[in-house]
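Engineer: only the shape, not the letters, is given here:
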């Protein structure tokens, strides 16, 4: 018989701390405390979320090899009520465009990897301002504008916010 994730969630939600110990060796290999913990966050029960954040999350990686202990912590974090969980999809990062990365690399004098990290915190308007300060011609700016979109307003209307003074 294959491991049943939802049966595991039901047992853990009910506070059954011996559930993992009763699994077959194959099911113990298939059971993942990380996946069950992720499912358990898909609830509106604030008490359970606080318990998960307090008792489980700080120790997930340091106790990663001791599945039995992690499952006991998950059981202790549950409020003892049977509930229906929803999977909460992890946030996705928008993919940085090539020209956007070029502007950031050139402006901040950083590597491609560092520039990719910066993209989440820099608006389209700021990217366009940076390109103008770098002296990009109108054709390059038009191409960049198509690539990054209009942002939150035109460059002329937005107040001038300088993220770095040019040396």
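Structural biologist: Happy to help now that I have it. Keep in mind the model is a prediction, meaning the values are calculated, not measured.
Engineer: show me the contact partners of the helix or strand bottoming out on mean pLDDT in the chain.
Structural biologist: In the chain, no helix or strand scores lower on mean pLDDT, DSSP states H and E than helix 112-118, which sits at a mean of 84. Helix 112-118 is contacted by residues 96, 101, 104-105, 108, 110 when judged by C-beta atoms under 8 Å, 6 or more residues apart in numbering. For every residue, glycine as well, the C-beta is placed using N, CA and C.
Engineer: now the strands for the chain?
Structural biologist: Ranges of strands in the chain, per DSSP state E: none exist.
Engineer: can you list the domain ranges for it.
Structural biologist: For the chain, automatic domain parsing gives the domain ranges 5-77, 92-167.
Engineer: to residue 86, which of those domains lies closest?
Structural biologist: Across the domains of the chain, residue 86 has its closest neighbour in domain 5-77 (4.0 Å, C-beta to C-beta).
Engineer: that closest one: how far from the chain's middle?
Structural biologist: 20 Å (C-alpha atoms, centre = their mean, to the nearest Å).
Engineer: likewise stretch 138-151?
Structural biologist: Distance, centroid of stretch 138-151 to centroid of chain: 28 Å (C-alpha atoms, centre = their mean).
Engineer: quick check: mean pLDDT across that stretch?
Structural biologist: Per-residue pLDDT values over stretch 138-151 give a mean of 82.
Engineer: also stretch 67-84?
Structural biologist: 89.
Engineer: which residues sit against it?
Structural biologist: 10-17, 19-21, 28, 31, 33, 36-37, 40, 43, 45, 47-48, 51-52, 54-56, 59-60, 63-64.
Engineer: kindly recompute the last result at 7 Å.
Structural biologist: 10, 12-17, 19-21, 28, 31, 33, 36-37, 40, 43, 45, 47-48, 51-52, 55-56, 59-60, 63 (C-beta atoms under 7 Å, 6 or more residues apart in numbering).
Engineer: flag every buried residue along that stretch.
Structural biologist: For stretch 67-84, the neighbour count (16 or more other C-beta atoms under 10 Å) marks 67-68, 70-75, 77-78, 83 as buried.
Engineer: tabulate these (a markdown table), appending distance to residue 122.
Structural biologist: Shown next, in a markdown table, are the buried residues of stretch 67-84 (distance: C-beta to C-beta, whole Å):
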| residue | distance to residue 122 |
| --- | --- |
| 67 | 42 |
| 68 | 46 |
| 70 | 39 |
| 71 | 42 |
| 72 | 45 |
| 73 | 39 |
| 74 | 39 |
| 75 | 44 |
| 77 | 38 |
| 78 | 41 |
| 83 | 41 |
